[in-house]
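S.K.: I'll drop the sequence and a predicted model, then ask my questions.
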Amino acid sequence: MSEPSSAATYCVHCGKPRDEGDHPRCSGARAALEPPRFCAECARRMVVQVTPAGWSAHCSRHGGTSPPPRN
């Protein structure tokens, strides 16, 4: 099995290819607060759990992700 690439291929908010035009609704201030809904490597819909303490997201092929730590 190959290592996942570090560059995101798909938009994590809409699932469309990153290089397919602008994603104005995906790059706004509100989107910065939203957890990812699609895997950046394969565009599969992820299982997302939102709690009062934060969120977690899991792709069935590429594993999980969590938000960056708060300062």
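M.R.: Yes, it's here.
S.K.: A32 should be in a helix, yeah?
M.R.: Yes: checked against DSSP: H, G, I helix; E, B strand; the rest coil, A32 lies within a helix.
S.K.: and it, what does it touch?
M.R.: With contacts defined as CB atoms under 8 Å, 6 or more residues apart in numbering, A32 is in contact with no residue. Every residue, glycine included, has its C-beta placed from N, CA and C.
S.K.: quick one: it from S60, how far?
M.R.: 25 Å (CB to CB, to the nearest Å).
S.K.: Same question for M46.
M.R.: Noted for M46: a distance of 8 Å to S60, by CB to CB.
S.K.: Who has more neighbours out of the two?
M.R.: Set M46 next to S60 and count neighbours by other CB atoms under 10 Å: M46 wins out with 23 against 11.
S.K.: give me phi/psi at the closest residue to that one other than its chain neighbours?
M.R.: In space, and not counting its chain neighbours, M46 is closest to A57: 4.5 Å by CB to CB, 6 or more residues apart in numbering. Backbone torsions for A57, taken as degrees, to the nearest 10, come to phi -140, psi 140.
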